[in-house]
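Participant: here's my sequence, what's the structure:
(2 chains)
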Amino acid sequence: MNVHEYQAKKLLSDFGVRVPGGQVVFSADEVSEVLDTLNSAKYVVKAQIHAGGRGKGGGIKVVDNSHDATAAAEQIIGMNLVTHQTGPEGKKVGSVLIEEASSIEKEFYLGMVIDRSQEKVVVMGSPEGGVEIEEVAAKSPEKIIKEHVDISLGIQPYQCRKIAYFMGLSGGAVRQAVSFISSLYRVFIEKDCSLAEINPLVLTSDGNIVALDAKINFDDNALFRHRDIAGLRDRDEEDPLELEASDAGISFVKLDGNIGCLVNGAGLAMATMDIIKHHGGEPANFLDVGGGATTGQVTKAFKMILSDENVKAIFVNIFGGIMKCDTIADGIVEAAGEVGINVPLVVRLEGTNVQAGREILSDSGLDIQAGADMKEAASKVVEAAKAG
Amino acid sequence: MQGITGSAGLFHATQCREYGTDVVGGVTPGKGGSSVEGFPVFDTMDEAVRETGANVSLVFVPAAFAMDSMLEALDSGVELVICITEGIPTLDVVRVKESMRGSDSRLVGPNCPGVITPGEAKVGIMPGYIHKPGRVGIISRSGTLTYEAVWQLTNLGIGQSTCMGIGGDPVIGTTFIDALSLFENDPDTDAVVMIGEIGGSDEEEAAEYISQSFTKPIAAFIAGATAPKGKRMGHAGAIISGSSGSAEDKFQALERAGVTTCKSPAEMGEALKSAIS
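Facilitator: Coordinates of the predicted model:
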């Protein structure tokens, strides 16, 4: 789960990580009141959306008085911000963060993720701040330091010092960086993050280490033990169909093709998209109804697929393990009765209770093409979509 | 079986027993001394192992309690812990793996269908009847795609030695390399089908291992060639982040290592057949 910059910075500040003074506003009317509480010669007005590259898209303005700050907020709130991460359709801005501008001496990069192959949290630092770390990794990997942390010990001061010196810091700034890095690590562990990235981390001209930007992602699987974090979710930032699916316990990702897919299991769901493409078709979605889906969930899945006007045919691909084929068959019949399936339907059923499932379908009187195996079903559905 | 008194746990304990697995009992704290469907229930793993001599534990508890159950199983001294549970926080698995450094026990999963040796024993949730005893090993990050591969092999008359689902999470107990080295040393396995998916670099690392140390024929499929970047495809581990984790890179790495790959998931059985011919 992603959160906004202002939410990430509030969390960091709760853990003692230094961030610029500032506050979020949802309307330009609130700006002058916020400026009264801040103390700076210049201010930054930053669009709050879940995407990077906001500055280039016109979502970040530097101003030096209340009048200009209000004007900037008026302009940014409600705008459709297009960046390299939003896609061409852009994102509507609902709020701006008003911050004291920092006088920057130097910019750095600091990031934490879980290194899957080392099975540890890795802390990465670089003297190259403000650019994408993947770019640095590709062009000059020697400019990145990586420290792996033993989770039972936690990050050690020497590891933080190594990173600070590698960044080129000295004196009091090193001490500040050590405290900054260990506090950020505490946020990462205590809040079950999957990514914590400070880019840029800056050394200000008065010698402080400050998080100028902050991006934090949280492990969805751990939200059950972080109600405070779950409460930060901005549903406006998420795809409405994907949200609807996740509320129903279904994994769904919208794609651009015209063949709707209903599958059990994530691997088989991906493989179903692949085989459609392999046979010259284009999948309209990824959909995993999960291992223990109910008839209600299957009906819901059909409704979601059919809500996409591009869909010209539907491919149901089920290999029953925990999921029983008769449950899926009941769901198909129920969905057909409730919403009406008006496009060709190709069904491939295999696994637990397959006979019962096939009987339910053939007794239903529905117009269903059966696929004996994945290959036959895929070629049938691709043909049906082309004809449709 | 940890979590044997839950409905899913009990259903699969019974299914495993019907398949021929010697399921000696279960653990549910607070229900020790009782029994369900003929399985004795214990309060702790320690007691269960002492009383029954169990050497494998199947973890079937909710995600919030899974780390505790895995640690308890490892502490009880069983050789193998198989965790079926889906949705465990990644840092919990990192903690379990950290505690296992230097341990002789093995963890399979989490978020996996388990392990089966057809005709002998099944410790997991896979439908037993699709399998056929034989000499081909299967390793997969996905549950249903494992069944698909098994079914294709069975329909071609090719039996399986052991089928192992290693799980779809970012951090897992047994990796492709671990599983491949088990098959390399298994006298009952002649060839292997490997099923990967997008995300991480486990398949690339396996390719490196295969080119250096794996001597048996191997066929592979990678799911997710059509998956968009940056979107989690069901499994927590199945996400292409930035430029890493794409199916194309994984296919290429495996092909360079001499693995027979197939681009269609309907051809996993055929690919294995051509790899061994």
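
Participant: point out where chain A drops to low pLDDT.
Facilitator: For chain A, no stretch is flagged by pLDDT under 70.

Participant: looking at it, which residue is nearest chain B?
Facilitator: Scanning chain A for the residue nearest chain B gives residue A:267, at 2.1 Å (criterion: C-beta to the nearest C-beta). (Each C-beta comes from the backbone N, C-alpha and C, glycine too.)

Participant: neighbours of that residue, how many?
Facilitator: By other C-beta atoms under 10 Å in any protein chain shown, 31 other residues sit near residue A:267.

Participant: with residue B:75 instead?
Facilitator: Neighbours of residue B:75 under the rule other C-beta under 10 Å: 15.

Participant: do residue A:49 as well
Facilitator: 25.

Participant: my read is that residue A:151 contacts residue B:92, right?
Facilitator: No: in this structure, residue A:151 is not within contact of residue B:92 by C-beta atoms under 8 Å, at 10.0 Å.

Participant: mind listing what the residue of chain A closest to chain B touches?
Facilitator: B:140-146, B:168, B:195, B:197, B:223, B:234-235, B:238 (C-beta atoms under 8 Å, 6 or more residues apart in numbering or on different chains).

Participant: can you do 10 Å?
Facilitator: A:288, B:140-148, B:165, B:168, B:195-197, B:221, B:223-224, B:233-235, B:238, B:265 (C-beta atoms under 10 Å, 6 or more residues apart in numbering or on different chains).

Participant: spatially nearest residue to it (excluding sequence neighbours)?
Facilitator: Leaving aside its chain neighbours, residue A:267 sits nearest to residue B:142 (2.1 Å; criterion: C-beta to C-beta, 6 or more residues apart in numbering or on different chains).

Participant: distance check, that neighbour against residue B:13.
Facilitator: According to C-beta to C-beta, to the nearest Å, residue B:142 stands 23 Å off from residue B:13.

Participant: kindly report the same for residue A:181.
Facilitator: The spacing between residue A:181 and residue B:13, counted by C-beta to C-beta, is 47 Å.

Participant: give me every residue that touches residue A:64.
Facilitator: When contacts are counted by C-beta under 10 Å, 6+ apart, residue A:64 touches A:40-43, A:101.

Participant: next one: phi and psi at it?
Facilitator: phi -120, psi 10 (degrees, to the nearest 10).

Participant: now do residue B:209
Facilitator: Torsion angles, degrees, to the nearest 10, at residue B:209: phi -60, psi -40.

Participant: buried ones in the lengthiest helix in chain A?
Facilitator: Counting by DSSP state H, the longest helix found in chain A is helix A:172-190. Buried positions in helix A:172-190, judged by neighbour count with 16 or more other C-beta atoms under 10 Å in any protein chain shown: A:173-174, A:176-185, A:187-189.

Participant: need the helices for the stretch 1-150 of chain A, in chain order.
Facilitator: For the stretch 1-150 of chain A, applying DSSP state H, counting those that start in this stretch gives helices covering A:5-14, A:31-37, A:66-76, A:133-139.

Participant: out of these, flag the one nearest residue B:28.
Facilitator: Residue B:28 lies closest to helix A:5-14 among these, at 37.1 Å (C-beta to C-beta).

Participant: can the closest one be said to contact chain B?
Facilitator: No: under the criterion of C-beta under 10 Å from any C-beta of the partner chain, chain B is not reached by helix A:5-14; the shortest gap measures 16.6 Å.

Participant: and that helix, what does it pack against?
Facilitator: strand A:22-25, strand A:43-47, strand A:96-100, helix A:172-190, strand A:193-204, strand A:209-211, strand A:215-218, helix A:227-230 (3 or more C-beta pairs under 10 Å, 6 or more residues apart in numbering or on different chains; DSSP states H and E).

Participant: CA atoms only for that helix, dumped as CSV, please.
Facilitator: What follows is helix A:5-14, C-alpha atoms only, in CSV (Å, rounded to 0.1, in the frame of the first residue of the first chain):
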residue,chain,number,x,y,z
GLU,A,5,4.3,12.3,1.0
TYR,A,6,2.7,14.3,3.8
GLN,A,7,1.5,11.1,5.5
ALA,A,8,5.0,9.5,5.2
LYS,A,9,6.6,12.6,6.6
LYS,A,10,4.2,12.7,9.5
LEU,A,11,5.1,9.1,10.3
LEU,A,12,8.9,9.8,10.0
SER,A,13,8.6,12.8,12.2
ASP,A,14,6.8,10.7,14.8
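
Participant: got the angle for that helix vs strand A:43-47?
Facilitator: Interaxial angle, helix A:5-14 versus strand A:43-47 (axes from the mean of the first three to the mean of the last three C-alpha atoms, to 10 degrees): 120 degrees.

Participant: what comes up buried for helix A:5-14?
Facilitator: For helix A:5-14, by 16+ other C-beta under 10 Å, it's A:5-13.

Participant: now do the SS call for residue B:134.
Facilitator: Applying DSSP: H, G, I helix; E, B strand; the rest coil to residue B:134 yields a three-state assignment of strand.

Participant: please check the contacts of residue A:267 and keep the buried ones.
Facilitator: A:288, B:140-148, B:165, B:168, B:195-197, B:221, B:223-224, B:233-235, B:238, B:265.

Participant: re earlier: which one of residue A:151 and residue B:92 has more residues nearby?
Facilitator: Neighbours were counted for residue A:151 and for residue B:92 using other C-beta under 10 Å; residue B:92 has more, 24 against 20.

Participant: in what helix or strand does the more buried one lie?
Facilitator: Following DSSP states H and E, one finds residue B:92 within helix B:90-99.

Participant: ditto for residue A:322
Facilitator: Using DSSP H and E, residue A:322 sits within no helix or strand.

Participant: pull the helix or strand with minimum mean pLDDT from chain B.
Facilitator: helix B:7-19 (a mean of 93; mean pLDDT, DSSP states H and E).

Participant: still on that earlier bit, return the subset of the buried ones among the contacts of residue A:267 lying in helices.
Facilitator: Counting by DSSP H, the part of the buried ones among the contacts of residue A:267 found in helices is B:143-148.

Participant: can you give me the helices in the stretch 51-200 of chain B?
Facilitator: B:63-75, B:90-99, B:143-155, B:176-184.
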